[in-house]
Each structure stands twice: as C-alpha cells, then as structure tokens.
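Asker: coordinates only, sequence not included:
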C-alpha cells in the first residue's frame, strides 16, 4: 500500500509540475488571451452592436492587413531586428497597384508584380542589415521615408480609383463560405507562420539568431542569409496587405498605412514576442492583432473619439512590455530554480 501511495504522490507531483511548466512557459500568451477576453466582455456590455455578426465579420476584415504583416514581423523581431518600413511598403504597393490597373494591366499580373516588388524592397533593406551590418532601425527608418516619398511622387498626393468591375476588388471585398476573404488570407498566413516558426529548422534558426547569434553561426548556419530572408518576409507581407487594402477601398493612395508599422509592432509585442529577440509566438501575435482591432472597433461603437484610440494603444503597448518583461524574468528565475 505504501508503494502505491508513493507512486500516486509522485504522479500527482509530476502532473502539477507539468502544469506549472506550461503556465510559466506560456505566461505572456495566456496574459494577452485573458486581456483579449476581458476587452471583448467590456465592449459587449457597454455597446449593443459589438457582438453582432455584421460587426464581428467587419472586425475580421479590417484586422486582416495588421495580422498578415504582424505574422511576418514576428520573425523579424524574433531575430532581434525590426522593420519600420512596412507601412511605406504597403503604401507604395497600394498606389502602384491602382496605377497599374488603371493602365490596363490584367489583375493577376498586377498582383504578381506587386508581390515581387514587396520581396525586392525587403531584400534591399535586409541586405544592408545582414551583409553591411547597419542597424535594422536605421535601415528601415530610411526605407520608411524614401519609399513613402516614392509613393507620393508617383501619385502626386492623389488617390487613384480602381474600377469595381475587375475581380481584383474581391481580394478585399469577397466572401468565402460566409467569411470575408481577407480574413481567410490573414489566418492562412498566420497558420503557415506558426508551422514554420515552431515546426521547421528555419524557425529554430530564427529563434536561435535572436537568442545567441554567435552560437548559431558556429553551428554552421548562414546567419546573414536567414536575416536577409526575414526582411523579405515582411516585404511580401506588406505587399499582400497593400493589395488587400487597395481592393477593399477601391483606390490606391500614397497616404495608405500611415502609422501602420506601429500597430503591427504593437500587435507582435502585445502577443508576447520578446522585443529584443530570442522568443516569438504566432499565437500571441494573432491575439495581439485582434486585441488592437477590438479596441479600435469598440471605442468607435462606444462613440469615443477615434483619436483616443492612439492614446489607449500607446498605453497598452507600454503596459504590455512592462508586464511581459516581468513575466519573462519571473519565468526565467523559476526555471533556474
């Protein structure tokens, strides 16, 4: 009997230990999940239309561009880098897509050209970060200014209309099985990002570069090539988001995506990805992007000034970084014990 009791106690301790490890390891994601649920509950109470089907589907459609780019940004930040140019990349693709369609190019060709442009913009900036050793903040800050300026030069500050007769607009306005097509695209991108980051060698290298770049280099990994590749990911993701927004609004503008990069970075950091690299989570990024979208949507439904949204978002970013830093440090101390 004593042996059976010992086995039961040992099994109970093992189970509680596994639960504790799970809670410690996933504390940042669990915290944003709890906060997301809390925000949804608050807005469902103070507004009558928040939980309506129309509003929820509209919320998914509007949050799609942020989620698409935030998924790619998770890879960049996990390596210890940052990309401030995604909003400008989005604007250039947004404007050029409208110009190309107005010039009579077939929409599949336009989509392919814009995706290629996104890859090229990411590759150029990634080259200077990976191979020239210039800090990512400086390179992408320069890209933010130069690419936005190019978009302004091409459009002269005007919006370029897109005909509603072309199938292109379905990219932003279409439906599939009762779900907005942009939302399906966004969650497909997030699912691919999750698999790549957690289940592939590439994802392990990305995380390793952010944790200890020298150890990864000594293991024979081409670190520069991997750093270059993550900026190509944000470039193509920004291009997809630019196409989605152009199709949804039916126009292209150089003013698209102003401040977009801050929302994307906020979504990633809110989700629990370490701003200094070495830890990334796509699940947290999805929750972070949806949380930001819910806050903006809920404040509008509550008839609060949209300018107040920026104040709330900024405070939430600060709070999230503080909370996630404390949770991460506490988890590290408990693991050492």
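Answerer: Arrived safely, thanks for sending. Quick caveat: nothing in here was measured; it's all calculated off a predicted structure.

Asker: so where's this protein uncertain?
Answerer: 1-26, 313, 316-317, 320-321, 324-325, 327-337 (pLDDT under 70).

Asker: do that again at 50, thanks
Answerer: For the chain, applying pLDDT under 50 flags the ranges 1, 7-11, 13-14.

Asker: Which parts of it are helices?
Answerer: Taking DSSP state H as the test, the helices found in the chain are 2-25, 27-46, 53-78, 86-102, 107-130, 136-155, 170-173, 181-199, 201-211, 213-218, 223-249, 260-270, 282-301, 307-336.

Asker: Check which residues of the second one are buried.
Answerer: To tie it back to what came earlier, the one meant is helix 27-46. For helix 27-46, burial by neighbour count (16 or more other Cβ atoms under 10 Å) applies to 27, 28, 29, 30, 31, 32, 33, 35, 36, 39, 40, 43. Quick note: C-beta positions are derived from backbone N, CA and C, even for glycine.

Asker: roughly how far out does that helix sit from the chain middle?
Answerer: Offset of helix 27-46 from its chain centre (Cα atoms, centre = their mean, to the nearest Å): 19 Å.

Asker: Just send the buried residues of helix 27-46 back as TSV, with distance to residue 115 too.
Answerer: Shown next, in TSV, are the buried residues of helix 27-46 (distance: Cβ to Cβ, whole Å):
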residue	distance to residue 115
27	37
28	32
29	30
30	35
31	35
32	30
33	32
35	34
36	31
39	34
40	34
43	35
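
Asker: Which single one of these is nearest to residue 304?
Answerer: residue 43 (10.8 Å; Cβ to Cβ).

Asker: Enumerate every residue touching the closest one.
Answerer: Residues near residue 43 by Cβ atoms under 8 Å, 6 or more residues apart in numbering: 50, 294, 297, 298, 301, 302.

Asker: and the second one, how many neighbours?
Answerer: Residue 294 is flanked by 19 other residues according to other Cβ atoms under 10 Å.

Asker: hang on, isn't it packed against residue 38?
Answerer: No. The criterion here is Cβ atoms under 8 Å, and residue 294 misses it with residue 38 at 10.4 Å.

Asker: gap between the spatially most central residue of the chain and residue 153?
Answerer: Centrality entry for the chain: nearest residue to the mean C-alpha point is residue 70, 0.7 Å, by Cα atoms, centre = their mean. Per Cβ to Cβ, to the nearest Å, residue 70 is found 28 Å from residue 153.

Asker: Now residue 102: closest residue in space, sequence neighbours ignored.
Answerer: Ranked by Cβ to Cβ, 6 or more residues apart in numbering and with sequence neighbours excluded, the top spatial neighbour of residue 102 is residue 160, at 6.0 Å.

Asker: Spell out which residues sit in contact with that neighbour, please.
Answerer: Taking Cβ under 8 Å, 6+ apart, one finds 95, 98, 99, 102, 251, 252, 253 in contact with residue 160.

Asker: Burial check on the closest residue to residue 143 other than its chain neighbours, number of neighbours?
Answerer: Closest residue in space to residue 143, ignoring its immediate chain neighbours: residue 85 at 3.5 Å, by Cβ to Cβ, 6+ apart. Neighbourhood size, residue 85 [other Cβ under 10 Å]: 28.

Asker: Since that was my last question, I'll sign off now.
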